[in-house]
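**Q** attaching a predicted model along with its sequence, questions to come.
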Amino acid sequence: MSFPLLTATAALPAVGAILTAAVPATRRTAAKWLALAVSLGTLVLAALVAIRFEPGGDRYQLTESHAWIKDFGVRYELGVDGIGVALIALTALLIPFIILAGWHDADSLAVSDSGPAAGHAKRWRPTQGFFALILMVEAMVILSFEATDVFLFYILFEAMLIPMYFLIGGFGDRAHAGTDENAAAQRSYAAVKFLLYNLVGGLIMLAAVIGLYVVAGNFSLTEIAEARASGQLEMATNTERLLFLGFFFAFAVKAPLWPLHTWLPNAMGEATAPVAVLITAVVDKVGTFAMLRFCLQLFPEASKWATPAIIVLALISIVYGALLAVGQRDIKRLIAYASISHFGFIIMGIFAMTSQGQSGATLYMVNHGLSTAALMLVAGFLISRRGSRLIADYGGVQKVAPVLAGTFLVGGLATLSLPGLAPFVSEFLVLVGTFARYPVAGIIATFGIVLAALYTLVLYQRTMTGPVKPEVRAMPDLRVRELVVVGPLIALLLFLGVYPKPLTEIVEPAVRHTMSDVQQKDPKPEVEAAK
Amino acid sequence: MTASAVPVVHSLWTTAAEPVDKIGAPTIEYAQLAPTLIVVGAAVVGILLEAFVPRRARYYAQVFLTVVALAAAFAAVVGLAAGGYGSTKAGIAAMGAIAVDGPALFLQGTILLASLVAVFTFAERRLDPAHHGYRIDSFAAEAAAVPGSDQEKAAVKAGFTTTEVFPLMLFAVGGMLVFPAANDLLTLFIALEVFSLPLYLLCAVARRKRLMSQEAAVKYFLLGSFSSAFLLFGIALLYGYAGSVSYARIADVVDGSVAAIDPALAATMGNDVLLLIGVALVLMGLLFKVAAVPFHMWTPDVYQGAPTPVTGFMAAATKVAAFGAMLRLLYVVLPGLAWDWRPVMWGVAVVTMLGGAIVAITQTDIKRLLAYSSIAHAGFMLAGVIAATPDGVSSVLFYLAAYSFVTIGAFAVVTLVRDAGGEATHLSKWAGLGRRSPLVAAVFAVFLLAFAGIPLTSGFAGKFAVFKAAAEGGAAALVVVGVISSAIAAFFYIRVIVLMFFSEPKPEGPTVAVPSPLTMTTIGVGVAVTLLLGVAPQYFLDLAGQAGVFVR
């Protein structure tokens, strides 16, 4: 038996989380370094996964399979395709930056030598908890990208809500207008909203998971997909549609798709910037990933049946998210609405059912992760300096902190998909792929790009240019730690913008498999050749 | 029952035809009944200890006796199961009164383990500071003393303790062991009374808030008596219908597969009214004990008023026993009637799941909240009962095992959070508990997440097993209702977590008592079982699966 690389990639951060949580209360810095080391180790393992993965090989590689719960027909089955590899790499790459960016986020909670909790200061270890929770989320997200057993995936999909929930509710953004009590109330509201939305989605999926078991008799993705393809497993049309809707609902909440998106602005607004990145760049990708892997593979007919409705919802997400982003006064909520718009693009690309659309969507998942991380983390640095999330409180920052303003601009330009930066490639592919099948949808979606330019540039103009506001005057520029966070992200955005080939090579075979699952061919093969 | 010859009335006292020379001694399989006999025997010894052991030594003697008895009884259950009495050698013991089979042994094992864990919380004496130099537990110094009277004060000053709770608990456990194994209706009724009466008493002996405790006991007693009366009346009607109280005999009559039909039976067995009303009344009695809507009214008051260790014990063990009895009744006696009871139980399951979950949202007392949550869980288990398949049985068995340890653990945590008036059960006082005692709050959060059925906890495995069985049994709509009520229920479990972790602690909030190793054991076992059954449930699912066949 070979070394279980996939398990190790998820197990390392899980073990790291437990160790980090066990660091004594007074050794906060040690906990931080430990978490960072663990996340870097995970990155190495993820790189190994990417190296060992052969794009031209089997569909699922590095597979592992062990008996787990026989009574439920559940096995511990792992395997990655190209999409999984890309997303594991994204996750493993972002976590060290998230940890670095959040280096001091939990410190203010730890220093409570006065107040009612003073006597318990020794046992209260928020810093350790913060980093342990981040690592726990990483472990669960990575394992969910690897799971090829529906039940195992479901368990992770649900279980990752719990650490996420504590991250949002327990370590909210300190930069809040209003009183502390008010802030605490809003934070806990955001956390509860996040949890309830996702839990309801997950429970509806649970009903569908049980239904799938009753129909198929086991949970193995590969076995069910094979049985379906060979015609051994027939599903009644209505059964398939209901099961599809059960799965899709959960993923659409997570993704999030309009009209199930309303938890995201609250959660991202109230969470600290690194946690907001964790939500939108990492955890939400599980939703779109699952649409590709589970919805399309398990229920190809129902997917085709639902496509028109989903495309419409995705279009609404794109335009509505962008319009609301234009109107935001709060920087983090603005980025949240921009993300909703971007998730609309991803979902549209997936359900356009063309290979450009789906490769574009997969690239989009990675690029959106990188660009949002860059923009949001710099925004977080900005907010931590001034102590306010309101756009109106800033002005003229570029004269005081030019590096900060510059990186903010690059992040923003990536978000609006400027050619030369990575997101452009993916957005272009999604639009081309959509246009080939649904020309009208392609045209409407293009307005999303125009609006993206509007909200990004207006945000930059209002905060960075113009006369220097007195409160901003003493603002320090980016520190070394912060540069270490932003620099590599921007370099990656540039690199993948110019040379996306390493990514597309890994992704494309997987997309071909998915396309054949739904028995779809590209409507215009010549577009394929032109690319 | 040979009413075939209809004699003239006075012949009853004029013809003493055959002299009664011998009454055959019943044959009793002592070994197979060992678990029950050990527990009941220990309870009798416990009463003797009360009478003859000096007051100071009683506590130690009782705790020792109880723990040893429960452990020995559990060992006996394991021995019987290992000897094949759960599968190949399953049979009827004690002249047809008791069934020794897989489900019975599994449920008895669960009850004994749960009681063993619960007894540690009964024995806890470190939560309150010592009083007049005596360590005190959760029970009144002298139960008979009027609350607030001089007699009570004197009892407290003298350091009296109600060590009778241990034999009482053993009697209750004895009844519970018989209840799911009862193989005729009279044994069922007697077992019900044997475990109910000690529970009524145990509810009344709280040390703090004694009036509330006594009120709870009276309510429980009154409503419990009603339900017993219903059950007994139902038994009478079923006897009238089938001419027997034996499960096998009634099942035969219901199926129409009875071999010899005598005239008396022929006259009644066509009478479905007797059968249906009888079954309805018996089921009402059982649904009362499992706290299913609409027979749940007693639950919140009793759970709140009873001493918390008793609440935990009662919530776990009673539910196991009552569900066991219900399963046996429905699967052994009434499979031929499934078309009649299933729709009704559907309705009960739906209102129980939804009712428990919705009403729980408005609760402000942690014990009442857990009471309503237990009602919702009864609904989930009913969904598995309705499946009417072997999978349905084993899923409910597994759920019961998972649920009892979560429940006992959760109530054990409730005993730790205290202020000047004893346990601080009002939810507002739990604000910020996560800041003061992260460990206790985290443990309680684990229990809450298990109640909510979050994956990787036993609650999820149980819920999944039950819903899967229900879906396979053709009750897909019930699964959807179950999922919706799980979502509603998740809301209030999470509200408590929010309160503990995200609210600022109040300056004069409660403190968390540092318990003795006894309660720590209870909580530790609760957490361990919760996580073990959540992550690696296969072994226990196998056990429950092998135990899924009733003997008849």
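**A** Thanks, I have the structure now. Residues are numbered from 1 along each chain as shown, chains lettered A, B, ... in the order given.
**Q** just the buried residues of stretch B:495-515, please?
**A** B:495-503, B:505, B:509-510, B:512-513, B:515 (16 or more other C-beta atoms under 10 Å in any protein chain shown). Heads up, the C-betas are built off the backbone N, CA and C, glycines and all.
**Q** from the residues you listed, which land in helices?
**A** Applying DSSP state H to these, the entries found in helices are B:495-502.
**Q** and of those, the nearest to chain A?
**A** The nearest member of these to chain A, counting by C-beta to the nearest C-beta, is residue B:502 at 4.2 Å.
**Q** now do stretch B:467-481: distance to the chain's middle.
**A** From the chain centre to the centre of stretch B:467-481 is a distance of 25 Å (C-alpha atoms, centre = their mean, to the nearest Å).
**Q** same list (the ones in helices among the buried residues of stretch B:495-515) but as JSON lines, adding pLDDT and distance to chain A.
**A** Formatted as JSON lines, these follow (pLDDT from 0 to 100; distance: C-beta to the nearest C-beta, whole Å):
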{"residue": "B:495", "pLDDT": "85", "distance to chain A": "8"}
{"residue": "B:496", "pLDDT": "89", "distance to chain A": "12"}
{"residue": "B:497", "pLDDT": "87", "distance to chain A": "8"}
{"residue": "B:498", "pLDDT": "84", "distance to chain A": "5"}
{"residue": "B:499", "pLDDT": "85", "distance to chain A": "9"}
{"residue": "B:500", "pLDDT": "86", "distance to chain A": "11"}
{"residue": "B:501", "pLDDT": "82", "distance to chain A": "6"}
{"residue": "B:502", "pLDDT": "78", "distance to chain A": "4"}
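**Q** wait, what's in contact with residue A:468?
**A** For residue A:468, the contact set (C-beta atoms under 8 Å, 6 or more residues apart in numbering or on different chains) comprises A:395-397, A:399-400.
**Q** just the buried members of these?
**A** Buried, going by 16+ other C-beta under 10 Å: A:395-397, A:399-400, out of the contacts of residue A:468.
**Q** so which of the residues you listed also contact chain B?
**A** Residues of the buried ones among the contacts of residue A:468 in contact with chain B (C-beta under 8 Å from any C-beta of the partner chain): none.
**Q** strands of the chain, start to end?
**A** As the question left the chain open, I've gone with chain A. For chain A, the strands defined by DSSP state E occupy A:61-69, A:74-80.
**Q** hm, I was asking about chain B
**A** Using DSSP E, strands in chain B cover B:91-93, B:98-100, B:417-419, B:422-423, B:511-512.
**Q** of all these, which one comes closest to chain A?
**A** strand B:511-512 (9.3 Å).
**Q** do that closest one and chain A come into contact?
**A** No. Strand B:511-512 does not reach chain A (C-beta under 8 Å from any C-beta); its nearest approach is 9.3 Å.
**Q** pull up the pairing partners for that strand, direction included.
**A** strand B:417-419 (antiparallel) (DSSP bridges).
**Q** got the contact list for the partner strand?
**A** So strand B:417-419 is in contact with B:127-128, B:423-425, B:429-430, B:433, B:440, B:508-513, going by C-beta under 8 Å, 6+ apart.
**Q** one more: stretch B:266-278?
**A** Contact partners of stretch B:266-278, identified using C-beta under 8 Å, 6+ apart, comprise B:234-238, B:240-243, B:253-254, B:258, B:261, B:337, B:340.
**Q** near chain A, which of these show up?
**A** Of these, not one also sits near chain A (C-beta under 8 Å from any C-beta).
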